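Student: below are the sequence and a predicted model for it; my questions follow.
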Amino acid sequence: MQISPYLIFNGNCRKAMLFYRKCLGGELFLQTVGETPLAANLPKKMKQSILHATLINGNMMLMASDMPSDHYLNQGNRISIMLVCKSENEIATYYKKLSNGANIKKALEMSEQGAYFADIIDQYGLHWLLHFQPKINL
């Protein structure tokens, strides 16, 4: 498992992540809302919003998005803890343990992007995102 910070921005994720790449180096991957099936259900102005950004340099991984929960940002919800898991069993185990007494924002399931994902606020108020991307066999 790898733990990574997950930053939430309000429309300036692309600019911020380009800045962090300039500062920290590495390879930056950006996925807009318009590149996903979500685009059909959201206003046109959101199509250029970043759904998911990843900056990788060696062992460092910084993730980010323009998609704030509950449509607003405040000091307490700008950073989440992302657990990047290595197996379906591992993500299921962590989900079960962290869900004890938690507020389940999104139950563990396979997302439209082909990855297992869950979103919870634990019993102490910390925001956890769990992710597992199965290997695609071609």
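Tutor: That came through fine.
Student: going by C-alpha atoms from here, please, whenever you check contacts or count neighbours.
Tutor: Fine.
Student: got the residue ranges for the strands in this protein?
Tutor: Assigned by DSSP state E, the chain shows strands spanning 2-8, 27-32, 50-57, 60-65, 79-84, 103-110, 116-121, 127-132.
Student: hang on, residue 49 packs against residue 8?
Tutor: No - contact between residue 49 and residue 8 fails when scored by CA atoms under 8 Å: they sit 11.7 Å apart.
Student: quick revisit: need the strands of the chain in TSV with distance to residue 20, can you?
Tutor: Formatted as TSV, those follow (distance: least, CA to CA, whole Å):
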stretch	distance to residue 20
strand 2-8	12
strand 27-32	9
strand 50-57	8
strand 60-65	9
strand 79-84	15
strand 103-110	28
strand 116-121	25
strand 127-132	21
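Student: indicate which one of those strands is closest to residue 90.
Tutor: strand 127-132 (8.6 Å; CA to CA).
Student: what angle sits between that closest one and strand 79-84?
Tutor: Counting by axes from the mean of the first three to the mean of the last three CA atoms, to 10 degrees, strand 127-132 lies at 20 degrees to strand 79-84.
Student: which elements pack onto strand 127-132?
Tutor: Under the contact definition 3 or more CA pairs under 8 Å, 6 or more residues apart in numbering; DSSP states H and E, strand 127-132 sits against strand 79-84, helix 88-98, strand 116-121.
Student: in its sheet, what does the first one sit against?
Tutor: The strands that strand 79-84 pairs with in its sheet are strand 2-8 (antiparallel), strand 127-132 (parallel) (by DSSP bridges).
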